[in-house]
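Trainee: could you look at this predicted model? Sequence included:
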Amino acid sequence: MDRFNLGTYRRPISTRSAETQRWFDIGLNWCYGFNHEEGIKCFEKALDTDPHCPMVHWGIAYAAGPFYNLTWKEHGEAEANSATKRCFEHVQLARANAASASEIERRLIEALACRFQKPHRVTPQEFEQWDDAYAAAMRLMYQDFPDDHDVMALFVEALMMRTVRRLWNLKTGAPAPNSDVVDALDVCERSIRCADGAGIAQHPAIVHLHIHLLEMSTMPERGMRSADLLGAMCPDAGHMNHMPGHIYVLCGEYEKAKLASEKAVRANDLYLAYADEPTYYLLGCCHDLHLMMFTCMLSGQSRPALWAADKVRSLVARDVVAIQDRPKLTQTVEGYHAMKSHVQVRFGRWQEIIDEPMTAEPGLYVLTAAMQHYAKGVAHATLGQFVEAERERDRFHRHLEGIPAERRFLSNPTRASLAVGAALLDGELAYHQGRHGEAYGHLRQAVELDDDLSYTEPWAWMHPPRHALAALLLDQGHSAEAEQVYRDDLGLSGKVQRCAQHPNNVWALHGLVECLRRRGESEEPALQAKLALALAKADVAISSSCLCRTSVQSAPSCCH
């Protein structure tokens, strides 16, 4: 617990024990880095030396409750009962010992009591009322203690928890219905300004949450400084090392995102070597590798992308996937296990895909089995093996029909993300069988379905459908539409929601330059320079925006 360097942030509390203070600080920093279970262990150590410290009981209640990556509705039934009981009991213990607390500590305890009103789970609607009540109490606290950076951070988090990953309307860029994102952003950026003005270090939770507030907005670049600061703030906190990668990917800084991911993975490996049982933090470890896959896919780096995919599979043991009554944990880690298929399709590993054995437990490895059928179908279609491709498509659809409607991977129902794959598979098969017009219809539908997915980062369908559509349009000489599709994907047209754009990705840059060459527009020095930089980072030959295009014509000369 105390062997990790989580940074220098400290919050003095009302205790006479230096050991209690030390363990409280470590626990709070783990929580700010979204490793709540480790935070609880530290708070419990703090109780050894001061069992009546009110803020330590506050810490356990805070850590055992919901957070941005685990909401009340994502708890299983027994899990929710256990969490609410623990939170309620420790809030009551904090209240019972509040005579020794400062005024601000008493207010924090009373605010948290609004979040945990009963010692058992309640209806989703009542849980929402608890979240609203806590946010309202923290708003009053902020009004009374406007210069306390922990109050600011906890208030921002409380506002975000009311509409988790529904902070902004993706299509319009306006705040989403019922979202307090503008208030949260104002408080966050006021904290940053105050810290700058006082010449003190930024608060780790503030810069962390600043990234979350901006990642699904139209202005992710506004979080660039927070990303740069956070990356150096908490050396052994994997999630804090990873978070800058969200901003970097969205801004087309793929190499920086890769480096952030590598740093996060090193920190996570340190933690996993110490941890004695699977906890929710395993999701964070897999997510960091997921982002590494994504950024390396967009930059044409097959080796680190495949390494990350294989490492996820080594972390996701069968006994974790089979855990009962922890649906968010089990469904999400199984979803991460499935992501290798995206990497294989991205890099055209057709024979490798075909040769890979199917999972022996499709009922347990639900998304993995679906993605394997999808990938095998695309591989066979690309190689002209149409009987096998149609067989895999049939297997994909039979498996898809058996997936419960409520099953999710991150922010989307599993069926919604797999619908993108169904349209892509139909398009690939039709195209390679020579039914080009029909194929384009399916591929355009895949683009629409993909654009309509709920926000998640990396995007729920990791291989942008526009890359396949434009590559196959270009293959038949439809340069004008292909050019528009590439401009949309690169964010040059402004027609696609910001978080679904992929600025400066090597695949679409290659395609756009090819389109311009075909219409005689060879003088595009800025694009040529961007493409040359992107190609220098790739470890595969980029012949097209999608390697499903097997006949390459008039590729940009700088790409040979």
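Mentor: All right, it came through fine.
Trainee: distance from the centroid: which residue in this protein tops it?
Mentor: Distance from the C-alpha centroid of the chain, by C-alpha atoms, centre = their mean, peaks at Ala99 (41.7 Å).
Trainee: any idea how far Lys537 lies from Gln301?
Mentor: Computed with C-beta to C-beta, to the nearest Å, the distance linking Lys537 and Gln301 is 7 Å. Quick note: C-beta positions are derived from backbone N, CA and C, even for glycine.
Trainee: and those two? Which one has more around it.
Mentor: Remark: of Lys537 and Gln301, Gln301 carries more neighbours, 23 against 14, as counted by other C-beta atoms under 10 Å.
Trainee: check the gap between that one and Trp459 for me.
Mentor: For Gln301 relative to Trp459 (C-beta to C-beta), the value is 18 Å.
Trainee: nearest spatial neighbour of Thr550, chain-adjacent residues omitted?
Mentor: Once flanking residues are discounted, Thr550 sits nearest to Thr382: 6.4 Å by C-beta to C-beta, 6 or more residues apart in numbering.
Trainee: need the contact list for that neighbour.
Mentor: Counting by C-beta atoms under 8 Å, 6 or more residues apart in numbering, Thr382 touches 348, 350, 428, 432, 547-548, 550.
Trainee: top of the residues you listed by neighbour count?
Mentor: Glu428 leads the contacts of Thr382 on contacts (other C-beta under 10 Å) with 28 neighbours.
Trainee: contacting residues for the nearest residue to that one once chain neighbours are set aside?
Mentor: The shortest distance from Glu428 to any non-neighbouring residue, by C-beta to C-beta, 6+ apart, is to Ala381 (4.5 Å). Ala381 sits next to 389, 425, 428-429, 431-433, 548 when contact means C-beta under 8 Å, 6+ apart.
Trainee: middle-most residue in this structure, spatially?
Mentor: Mean-position check on the chain, C-alpha atoms, centre = their mean. Result Glu457 at 3.8 Å.
Trainee: got the contact list for stretch 54-64?
Mentor: Residues outside stretch 54-64 that contact it (C-beta under 8 Å, 6+ apart) are 13-15, 20, 23-24, 27-28, 30-31, 36-37, 39-40, 43-44, 46-47, 50, 83, 86-88, 90-91, 93-95, 97-98, 100-101, 105-106, 108-109, 112, 116.
Trainee: per-residue pLDDT of the residue farthest from the centre of the chain, please?
Mentor: Note for Ala99: predicted pLDDT of 97.
Trainee: just the one 4 residues further on next, same as before
Mentor: Note for Glu103: predicted pLDDT of 98.
Trainee: same check on the one 10 residues further on?
Mentor: The per-residue pLDDT reported for Ala113 equals 98.
Trainee: grab the nearest non-local neighbour of Ala237.
Mentor: Spatially, and ignoring its direct neighbours in sequence, Ala237 is nearest to Gly33 (3.8 Å; C-beta to C-beta, 6+ apart).
Trainee: hang on, the earlier thing: among the contacts of Thr382, which lie within helices?
Mentor: Among those, the residues falling in helices (DSSP state H) are 350, 428, 432.
Trainee: of these, which is the nearest to Met141?
Mentor: Met141 lies nearest to Glu428 out of the ones in helices among the contacts of Thr382, by C-beta to C-beta, at 55.1 Å.
Trainee: who touches that closest one in this structure?
Mentor: Glu428 touches 377-378, 381-382, 389, 439, 468, 548, counting by C-beta under 8 Å, 6+ apart.
Trainee: surely Gln497 meets Ala174?
Mentor: No - using C-beta atoms under 8 Å as the test, Gln497 is too far from Ala174 to be in contact (11.9 Å).
Trainee: compare those two (neighbour count), which wins?
Mentor: Ranked by neighbour count (other C-beta under 10 Å), Gln497 and Ala174 place Gln497 first, with 19 against 12.
Trainee: what about that one, distance to Ser454?
Mentor: Taken as C-beta to C-beta, the span from Gln497 to Ser454 is 11 Å.
Trainee: just Glu448 next, same as before
Mentor: For Glu448, the distance to Ser454 - C-beta to C-beta - is 15 Å.
Trainee: likewise Ser417?
Mentor: Ser417 is 9 Å from Ser454, where distance means C-beta to C-beta.
Trainee: ok, now Leu272?
Mentor: Taking C-beta to C-beta, one finds Leu272 at 29 Å from Ser454.
Trainee: and what of Pro362?
Mentor: On the measure of C-beta to C-beta, Pro362 and Ser454 end up 25 Å apart.
Trainee: then Gln21?
Mentor: 42 Å.
Trainee: can you check His246 too?
Mentor: The gap separating His246 from Ser454 is 16 Å, by C-beta to C-beta.
Trainee: who has more neighbours out of these two?
Mentor: The residue with more neighbours, out of His246 and Ser454, is His246; 23 against 16, by other C-beta under 10 Å.
Trainee: and the more buried one, backbone torsions?
Mentor: phi -60, psi -50 (degrees, to the nearest 10).
Trainee: now do it, the pLDDT please.
Mentor: 97.
Trainee: cool, Gln553 as well?
Mentor: Value for Gln553, per-residue pLDDT: 49.
Trainee: where's Met152 relative to Cys194, distance?
Mentor: Met152 is 8 Å from Cys194, by C-beta to C-beta.
Trainee: of those two, which one has the most company?
Mentor: Met152 (26 against 17).
Trainee: OK, contacts around that one?
Mentor: Per C-beta under 8 Å, 6+ apart, neighbours of Met152: 142, 146, 187-188, 190-191, 203, 206.
Trainee: make it 6 Å
Mentor: By C-beta atoms under 6 Å, 6 or more residues apart in numbering, the contact list for Met152 reads 187, 191.
Trainee: I figured the residue nearest to Ala237 was touching Met240, is that so?
Mentor: Yes - between Gly33 and Met240 there is a contact at 4.7 Å, judged by C-beta atoms under 6 Å.
Trainee: so what pLDDT did Glu457 get?
Mentor: You'll see Glu457 listed with a pLDDT of 89.
Trainee: helix, strand or coil: sort out it for me.
Mentor: Following DSSP: H, G, I helix; E, B strand; the rest coil, the label given to Glu457 is coil.
Trainee: where does this structure have low pLDDT?
Mentor: The model of the chain has pLDDT under 70 over residues 1, 522-523, 552-560.
Trainee: what ranges do the strands span in it?
Mentor: Ranges of strands in the chain, per DSSP state E, are 408-409, 412-413.
Trainee: remind me what the last one packs against, helices and strands.
Mentor: Read it as strand 412-413. Contact partners of strand 412-413 among helices and strands, from 3 or more C-beta pairs under 6 Å, 6 or more residues apart in numbering; DSSP states H and E: none.
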